[in-house]
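Peer 1: What follows is a predicted structure for the sequence shown.
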Amino acid sequence: MERNLKNKHNLAMMFAGIGADYRKVIHKIPDKERGRIHQLSDILKETYKIDINSYLYGPAMDTESNLYNWLTIYTCDYAIYQWYAARGVVPDYFLGYSMGLITALACSQAITFEAGAFLLHEISQKESAGEGMATIIGFEKEELGRIIKDSRNEGRVFIACENNPYCFVISGYENSVQKVCLLAAERGALHVYAIDSKFAFHTPLYHRPQRDLSVSVETIKVADSPIPFLSSIDQSLRWKSRDLSDELVRNMYSIMKWGDSIAFLSRSGIKNFIEVSLGKGLTKISRSIEDTCRFDTFDTVSKTLT
């Protein structure tokens, strides 16, 4: 394992999106990287008046702003990647799950840390009342489609992320998402839980002119990435600046096919995956896709490389 990691051997890194709460697990990050997070927090505080240090270490904050959560995940995962890079753990491919794409682009140095934070801030300013997301586990895609239809919410709720053959994210109008979740539970779903998001990401509902990220992307510099990205949308390889800019824009409203991405890389010979986060959500949904692959988290890799 250690030899494979250090020699960049058949390795892809996965970057998670939104929803995790790092406040209970921030202690896992080594002191040096926590110091780096503190420095980055100062940058964010000066620019956006958001203090993620207080959010991470202080008393519970009663905030309805998704941006606190987004910027915290972004900053911590950015620091975690620096920990890997300092130890020579550099992947062959990057994989970004939803807004994890922005984190991955910053880590690849295709965009700066500040540019990534700017994009997250821009996205957060385009909230639309009455939208939401949820994860449903326990049905195949066709079964979930029937549930959406039977609940009379076609056109209001969409399958937004195909995580694996039995795990999906739905996205749409919040009250309609709740109705689909209730019917799914009645029909025997293994798990149903809401995602802390006020946006109908990865659906046609999000694809509106007022939410177009093109203008924001045009204001930042996007460089070629030395490490290719596998698109979670159509499994194309992207590393040129123009293609990465396009990926940032279409990532917001296109359905994600995460399971197809993992399977594609596995067929291409990539057998080692590391989730660059403090959690293991991507690892859980990916293991069932390819049982010939190894999926590691910060917990497992830190024991090997420390």
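Peer 2: Right, received. Where do you want to start? Residues are numbered from 1 along each chain as shown.

Peer 1: quick one: the strands in the stretch 201-306 of the chain?
Peer 2: In order along the chain, the stretch 201-306 of the chain carries the following strands (DSSP state E, counting those that start in this stretch): 229-230, 237-238, 272-275, 294-296.

Peer 1: now do the stretch 1-150 of the chain
Peer 2: Using DSSP E, counting those that start in this stretch, strands in the stretch 1-150 of the chain cover 11-15, 93-96, 131-137.

Peer 1: Figure out which of those strands is closest to I170.
Peer 2: When these are ranked by proximity to I170, the top entry is strand 131-137, at 5.5 Å, counting by C-beta to C-beta. (Glycine included, C-beta is placed from N, CA and C.)

Peer 1: That closest one: how far from the chain's middle?
Peer 2: Relative to its parent chain, strand 131-137 has a centroid offset of 15 Å by C-alpha atoms, centre = their mean, to the nearest Å.

Peer 1: which helices and strands sit right next to it?
Peer 2: Where contact means 3 or more C-beta pairs under 8 Å, 6 or more residues apart in numbering; DSSP states H and E, strand 131-137 is packed against strand 167-173, helix 174-186, strand 191-195.

Peer 1: Just put the ones you listed in TSV and tack on mean neighbour count, mean pLDDT and distance to I255.
Peer 2: Formatted as TSV, the helices and strands packed on strand 131-137 follow (neighbours: other C-beta atoms under 10 Å; pLDDT from 0 to 100; distance: least, C-beta to C-beta, whole Å):
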stretch	mean neighbour count	mean pLDDT	distance to I255
strand 167-173	25	97	9
helix 174-186	19	98	16
strand 191-195	15	94	15
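
Peer 1: List the buried residues for the longest helix seen in the chain?
Peer 2: Taking DSSP state H as the criterion, the chain has its longest helix at helix 66-86. Using 16 or more other C-beta atoms under 10 Å as the test for burial, helix 66-86 gives 66-81, 83-84.

Peer 1: related to what we said a few turns ago, quick one: closest of the strands of the stretch 1-150 of the chain to L205.
Peer 2: Closest approach to L205 among those (C-beta to C-beta): strand 131-137, 7.0 Å.

Peer 1: Quick check: neighbours of the closest one in the sheet, parallel or antiparallel?
Peer 2: On the basis of DSSP bridges, the sheet neighbours of strand 131-137 come out as strand 167-173 (antiparallel), strand 191-195 (antiparallel).

Peer 1: Any idea which of the helices and strands packed on strand 131-137 gets closest to Y57?
Peer 2: strand 191-195 (24.7 Å).

Peer 1: Among the helices and strands packed on strand 131-137, which comes closest to N10?
Peer 2: Proximity of the helices and strands packed on strand 131-137 to N10 was assessed by C-beta to C-beta; the nearest stretch is strand 167-173, lying at 24.9 Å.

Peer 1: residues making contact with that closest one?
Peer 2: Contacts of strand 167-173 with the rest of the structure, by C-beta atoms under 8 Å, 6 or more residues apart in numbering, involve 130-137, 139, 141, 144, 148, 153, 156-163, 177, 180-181, 195, 199-203, 205-206, 256, 285, 288.

Peer 1: which of the residues you listed count as buried?
Peer 2: Among the contacts of strand 167-173, those scoring as buried are 131-137, 139, 144, 148, 153, 156-163, 177, 180-181, 195, 199-203, 205-206, 256, 285 (criterion: 16+ other C-beta under 10 Å).
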